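[1] I would like to see how this sequence folds:
(2 chains)
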Number of protein chains: 2
Amino acid sequence: MIKYIVENFYDLKLQDGLIPAIIQDHASGEVLMMAYMNEESFKKTLETGKTWFYSRSRNELWNKGGTSGHFQFVKNIKIDCDRDTLLIQVEQIGAACHTGNRTCFYSEIYNFDEK
Amino acid sequence: MIKYIVENFYDLKLQDGLIPAIIQDHASGEVLMMAYMNEESFKKTLETGKTWFYSRSRNELWNKGGTSGHFQFVKNIKIDCDRDTLLIQVEQIGAACHTGNRTCFYSEIYNFDEK
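    Residues are numbered from 1 along each chain as shown, chains lettered A, B, ... in the order given. Predicted structure coming up:
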């Protein structure tokens, strides 16, 4: 595993100041959700060890689990080859999805094996 | 698993006509890459059973594996709760990353266990 040290949030390749973060269960490998981070939420994530995001629709920071108690404790953070997407492996408390589902990706729209 | 039938690409929540697609190895659960789809690449993916994307930097469609032979055969496609992100589980031939790494997320920038 190559260690790429991000000294500055702006070492990342941002779009409108944001970077998408894929959240994956560190134990099961299940992809739980995707959300966006700005510099402040990225720093708060590093400081607290829990995920913070930036809501594009509400224009505000939010701490996953802050109201539900369904926190995500960060195990590690990876960046992709072109530095424009984060992959964050977490310990998920309860459900990642606000619907109560474990993952936000609970709806299948196509299955090639059943074709 | 709820089946959410997407009759029309525009049933999805797009940003500038695009939707991000997380690509995951269907067998190992490893997250391999993230790329963007427009309507044409989404349709070509469904038609061919292999992933097609839209390159924002080159403004063109591309077929993953088209030049490298490292195709991604689609097993299933899921959509998240707010319909703005796809999760595509694939059988990855060779390396997903143009660097030759199996996954594009080969660089760790933070590890809380080592803190």
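
[2] and the nearest residue to A:Asn63 once chain neighbours are set aside, what pLDDT?
    With C-beta to C-beta, 6 or more residues apart in numbering or on different chains as the criterion, A:Asn63 has its nearest non-adjacent residue at 5.1 Å, and that residue is A:Trp52. Quick note: C-beta positions are derived from backbone N, CA and C, even for glycine. Per-residue confidence (pLDDT) for A:Trp52: 98.

[3] same question, A:Ser57
    Here, the pLDDT recorded for A:Ser57 equals 90.

[4] Likewise for A:Val6?
    pLDDT, A:Val6: 62.

[5] Next: A:Ile77.
    Looking at A:Ile77, its pLDDT stands at 95.

[6] With only the CA atoms kept, save stretch A:75-91 in CSV.
    Provided in CSV are the C-alpha atoms of stretch A:75-91 (Å, rounded to 0.1, in the frame of the first residue of the first chain):
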residue,chain,number,x,y,z
LYS,A,75,-10.7,2.9,9.9
ASN,A,76,-8.8,4.3,6.9
ILE,A,77,-9.0,6.7,3.9
LYS,A,78,-7.8,5.9,0.4
ILE,A,79,-7.5,8.1,-2.6
ASP,A,80,-7.7,7.0,-6.2
CYS,A,81,-5.1,7.3,-8.9
ASP,A,82,-6.3,10.7,-10.2
ARG,A,83,-6.9,12.1,-6.7
ASP,A,84,-10.6,13.0,-7.3
THR,A,85,-12.4,10.4,-5.2
LEU,A,86,-12.0,9.1,-1.6
LEU,A,87,-12.7,5.6,-0.4
ILE,A,88,-13.3,5.6,3.3
GLN,A,89,-13.5,2.3,5.2
VAL,A,90,-15.6,2.5,8.4
GLU,A,91,-17.2,0.7,11.2
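
[7] Show the secondary-structure elements that the strand or helix carrying A:Pro20 is packed against.
    In this assignment (DSSP states H and E), A:Pro20 forms part of strand A:19-25. Packing partners of strand A:19-25 (3 or more C-beta pairs under 8 Å, 6 or more residues apart in numbering or on different chains; DSSP states H and E): strand A:31-37, strand A:86-92, strand B:31-37.

[8] Tell me which of the ones you listed lies nearest to B:Ile88.
    Of all the helices and strands packed on strand A:19-25, the one in closest proximity to B:Ile88, counting by C-beta to C-beta, is strand B:31-37 (9.1 Å).

[9] So the closest one, near chain A or not?
    Yes - remark: strand B:31-37 sits within contact range of chain A at B:31, B:33-34, by C-beta under 8 Å from any C-beta of the partner chain.

[10] Determine the next helix or strand in the C-terminal direction from that strand.
    helix B:39-48.

[11] Can you list the buried residues in that following helix?
    By 16 or more other C-beta atoms under 10 Å in any protein chain shown, the buried positions in helix B:39-48 come out as B:39, B:41-42, B:44-46.

[12] And the average pLDDT for that helix is what?
    Summarised as a single mean, pLDDT over helix B:39-48 is 93.
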